[in-house]
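# Predicted model and sequence follow; I will ask about them next.
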Amino acid sequence: MIEVYGIKNCDKIRKTRKWLENSDIEYTFYDLKKEPLTREELREFVHRIGLDVLVNKRGTTWRNLELKDKDPDDDELFELLLKNQTMIKRPVLIKDEAILVGYDEEAFEGFTEE
C-alpha cells in the first residue's frame, strides 16, 4: 500500500491522486493540515531523504515566512518545517522503505510497480 502525504486542496496532490486512481493503485492519503506529522515522523522523513529534498523553497509558505534571504541552519529549518508543514514539497509518496517526493508521472510508474 502506498502512503501519500500532502494537502487536500493542492493541485499536485489532486493530480497525484487522480493518477493513482486511474492506474488502479491503492493508496492512503494523509492531509498534513488535518493530520500534521509528529516530530518523530518528520525526523524520520528528514533522515531518509534530507531537508533539501523535503523543503519546498519555491512555495508560498517559504515566501510568506520571508526565508529567501535568510539562511536557517538545519535545526532551525526542521523546526520551521514542523510548524509549517505546508512547506513540505508535495506529494510525498511512501512505499515500504522507498520515498518519492514531487509530482513526476514517469517516476510514479517505476515507483508503483510491484
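Yep, it's here. Numbering: from 1, shown residues only.
# Would you state the helices of the chain in chain order?
Counting by DSSP state H, the chain has helices at residues 11-22, 39-49, 51-54, 60-64, 74-83, 105-112.
# which stretch in those helices has the least confidence?
In terms of average pLDDT, helix 60-64 trails the rest of these, at a mean of 86.
# From the rest of the structure, what touches that helix?
Helix 60-64 is contacted by residues 55, 56, 68, 84, 86, 87 when judged by C-beta atoms under 8 Å, 6 or more residues apart in numbering. C-beta here means a position set from N, CA and C on the backbone, and glycine is covered the same way.
# what do you get for stretch 71-87?
The contact list for stretch 71-87 (C-beta under 8 Å, 6+ apart) reads 7, 32-33, 36-37, 39, 42-43, 46, 51, 54-56, 59-62, 65, 67, 88.
# Residue 58: how many residues sit nearby?
9 (other C-beta atoms under 10 Å).
# now it: how far from residue 75?
22 Å (C-beta to C-beta, to the nearest Å).
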